[in-house]
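1. Output the structure for:
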Amino acid sequence: MEKSNVHLKKYPTIAVCGLDCGLCPRFYTVGTSRCPGCAGPNFFAKHPSCSFITCCVKKNNLEVCAECSTFPCSKFKSNEEYQQLKESSSFPSSKKVMPNLIFIKDHGIEKFVEQQKVRMKLLKTMIEKFDDGRSRSFYCKAADLLNLINLEGSLDKATQRIKTDNIKLGDIKIKAKILKSILNEIALKEGVELVKKKR
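-> Numbering: from 1, shown residues only. Below is the predicted model:
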């Protein structure tokens, strides 16, 4: 029987398949529904089987599929197909699967994790200082999909606007509204959909 606390991967914040686990709402959940990231502590108690982990990590002793000589194999969809997948608010965006893995293939996983840590730090700031109890998934999606420089700038802009408008630090609802408005403006310019359009 497989132990649930065995660490198979060095970087559980990036999934074998390319999902950005470190930017997922469930990674920041407190309690039993928290996900430890890909093959992180007690992962197999929550996710009993994963064909990507079986092939990549257990059979080939790799960290992510991008390190495999046969990447991309038949397990993967095309980037166009990933872009068309219906988004879930509970999981990281599949839109970055292929770009993440191609970046790792071209530049190495350490370089990817270095940039991911910056995104995770920005996301933690958003959650700690701007979460009104309903915005965590929105912030995770923004941290995952938006350009890193624009993402950094959005927090600076929100902080400045809060000071200029004399918003009280404890007024989380207004702070969240300000940051979300800035992030939506950036998303519109980048052609990224952070909020599902009403049909």
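2. Show me the shaky parts of the protein.
-> In the predicted model of the chain, residues 1-7, 79, 81-85, 87-92, 196-199 satisfy pLDDT under 70.
3. tell me the centre residue of it?
-> residue 23 (2.5 Å; CA atoms, centre = their mean).
4. Next, find the distance separating that residue from residue 51.
-> Counting by CB to CB, to the nearest Å, the separation of residue 23 from residue 51 is 23 Å. From N, CA and C alone the C-beta is placed, and that goes for glycine too.
5. same check, this time on residue 180
-> With distances defined as CB to CB, the gap from residue 180 to residue 51 amounts to 37 Å.
6. Settle it for me: which of the two has more neighbours?
-> With other CB atoms under 10 Å as the criterion, residue 180 and residue 51 differ in neighbour count, and residue 180 comes out ahead with 22 against 10.
7. That one is in what secondary structure piece?
-> Element membership for residue 180 (DSSP states H and E) is helix 172-190.
8. Tell me where the chain has helices.
-> Counting by DSSP state H, the chain has helices at residues 43-46, 51-53, 79-84, 97-107, 109-130, 136-145, 148-164, 172-190.
9. Tabulate these (a markdown table), appending distance to residue 12.
-> As requested, the helices of the chain are arranged in a markdown table below (distance: least, CB to CB, whole Å):
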| stretch | distance to residue 12 |
| --- | --- |
| helix 43-46 | 7 |
| helix 51-53 | 11 |
| helix 79-84 | 21 |
| helix 97-107 | 14 |
| helix 109-130 | 11 |
| helix 136-145 | 16 |
| helix 148-164 | 21 |
| helix 172-190 | 26 |
